[in-house]
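Engineer: Coordinates for the following, if possible.
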Amino acid sequence: MFRIIPFTSAHIDAAQQIARRNYQSERMAVPDLLADVALPDLSCFADNGLGIAAFSGDQMIGFLCAVPPFPNAFQSTDTVGVFSPLGANGTVVEHRGGIAGRMYQAAAEKWVAAGASSHAISLYAHDLESQNLFFRYGFGLRCADAIRGMEAIDCPLRIDCQLTEMQPDEFSRLLPLDHLLDDHMAASPTFIRRESATEAGFIQAAIQRQSHFFAAQADDRIVAFLRIERCGETFVSESPAYLHINGAYCLPEFRGKGIFPNLLNFAIARLKAVPVTRLGVDYETINPAADRFWSRHFHPYCYTVVRRIDEHALPVESGRMI
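Structural biologist: I've put the predicted structure just below:
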């Protein structure tokens, strides 16, 4: 038998040991994951009252924590969400199948009481047991994080397109493709609609984030671009040896012709001088084009699963749903 109790600061050390073992297990499957990364600080999760811990006797065998509820989950919905990021949940292998469901049942009670109808949990890509259990609890796969070393992709060299790193005074030339990316994300079957950036907002964000933009030009026009930055979606991206792809698009008529792999190779060659040893990307698995391309050239190590509960199950405040 095991017991489920609220997660407190007294549980942080044991939880971090579990998190470290889970990460090392994923590194066995994805060797490109960095060895010397800092796992998340769990102090904030002990303070917000939304986490739970599982014990067998005096031994912690699992924990599940989340950030406080936030509006506009995934920046494209009107729902309030909670999110358990990678490293903020974990289990010991021996009890994985038996406790993940019980932990979610206890945690979800807290999350719903806090007004969250969108529940997102990041799991290691090779933890199939936990993934299958959450699928049975009504979760679906939403997005992935993947990584690769800085080796060149094996692809034929294209000599009929010009590859370049864009300078700040050229960033505005990429805005039309960035808007086409927004349109692509809003189309079926992805259905993610976000507000498109203005030219001033696009340039300001790029300068603030110290973005690297790479572009492919053919027929005297830009046909593809890459946006690469320091910020990523998991604790792995916090390493100084890591950069992250935060935007990518290729015009449909130029897809499947080897232009984008060549653009990636060009970016990798330029970024080695930064220097970095790892390049990562996050992408929606519900975006078929992205899922096919990125999973071919990068190694997924994290999957985020999401459940949207019936908003009628949320607490009632002053006669209205919250």
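Engineer: Next, the contact list for the residue nearest to H297 when sequence neighbours are not counted, please.
Structural biologist: Residue nearest to H297 in three dimensions, not counting chain neighbours: I153, with 5.6 Å by CB to CB, 6 or more residues apart in numbering. Every residue, glycine included, has its C-beta placed from N, CA and C. I153 is in contact with 261, 264-265, 268, 297, counting by CB atoms under 8 Å, 6 or more residues apart in numbering.
Engineer: What score does I153 have for pLDDT?
Structural biologist: On the pLDDT scale, I153 is placed at 92.
Engineer: Which element, helix or strand, includes it?
Structural biologist: Of the helices and strands defined by DSSP states H and E, none includes I153.
Engineer: Ramachandran coordinates for it?
Structural biologist: Note on I153: its backbone torsions stand at phi -80, psi 140 [degrees, to the nearest 10].
Engineer: Distance check, it against A14.
Structural biologist: Distance, I153 to A14, by CB to CB, to the nearest Å: 41 Å.
Engineer: repeat for N265
Structural biologist: Counting by CB to CB, the gap from N265 to A14 is 44 Å.
Engineer: Among the contacts of I153, which one sits closest to R27?
Structural biologist: H297 (19.5 Å; CB to CB).
Engineer: Give the burial count for that closest one, as a bare number.
Structural biologist: 16 (other CB atoms under 10 Å).
Engineer: isn't it right next to G149, touching?
Structural biologist: No. H297 is beyond contact range of G149, at 11.3 Å (criterion: CB atoms under 8 Å).
Engineer: any common contacting residues for the two?
Structural biologist: By CB under 8 Å, 6+ apart, no residue touches both H297 and G149.
Engineer: returning to what we had before: among the contacts of I153, which ones are in helices?
Structural biologist: 261, 264-265, 268, 297 (DSSP state H).
Engineer: now those residues as a markdown table including distance to E311 and pLDDT?
Structural biologist: Formatted as a markdown table, these follow (distance: CB to CB, whole Å; pLDDT from 0 to 100):
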| residue | distance to E311 | pLDDT |
| --- | --- | --- |
| P261 | 43 | 94 |
| L264 | 41 | 96 |
| N265 | 47 | 96 |
| I268 | 45 | 95 |
| H297 | 39 | 96 |
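Engineer: Of the residues you listed, which is the most crowded?
Structural biologist: Result: L264 is most packed of these (other CB under 10 Å), 26 neighbours.
Engineer: how close does that one get to H184?
Structural biologist: Distance from L264 to H184, by CB to CB: 18 Å.
Engineer: S9 too?
Structural biologist: 45 Å.
Engineer: Kindly report the same for F235.
Structural biologist: 29 Å.
Engineer: Show me which of S9 and H184 is the more surrounded one.
Structural biologist: The neighbour count for S9 versus H184, taken as other CB under 10 Å, is higher for H184 (16 against 11).
Engineer: Work out for me the element R96 sits within.
Structural biologist: Judged by DSSP H and E, R96 forms part of helix 96-113.
Engineer: got the CA positions of that helix in PDB?
Structural biologist: The C-alpha coordinates for helix 96-113 follow below in PDB (Å, rounded to 0.1, in the frame of the first residue of the first chain):
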ATOM      1  CA  ARG A  96       5.400   3.800 -12.000                       C
ATOM      2  CA  GLY A  97       2.400   1.900 -13.200                       C
ATOM      3  CA  GLY A  98       0.700   1.800  -9.900                       C
ATOM      4  CA  ILE A  99       0.900   5.400  -8.700                       C
ATOM      5  CA  ALA A 100       0.800   7.900 -11.600                       C
ATOM      6  CA  GLY A 101      -3.000   7.600 -11.800                       C
ATOM      7  CA  ARG A 102      -3.500   8.000  -8.100                       C
ATOM      8  CA  MET A 103      -1.200  11.000  -8.000                       C
ATOM      9  CA  TYR A 104      -3.000  12.700 -10.800                       C
ATOM     10  CA  GLN A 105      -6.400  12.000  -9.100                       C
ATOM     11  CA  ALA A 106      -5.200  13.800  -6.000                       C
ATOM     12  CA  ALA A 107      -3.400  16.600  -7.800                       C
ATOM     13  CA  ALA A 108      -6.300  17.200 -10.200                       C
ATOM     14  CA  GLU A 109      -8.700  17.700  -7.300                       C
ATOM     15  CA  LYS A 110      -6.500  20.600  -6.200                       C
ATOM     16  CA  TRP A 111      -6.100  22.000  -9.800                       C
ATOM     17  CA  VAL A 112      -9.900  22.000 -10.400                       C
ATOM     18  CA  ALA A 113     -10.600  23.600  -7.100                       C
END
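Engineer: That'll do, ta.
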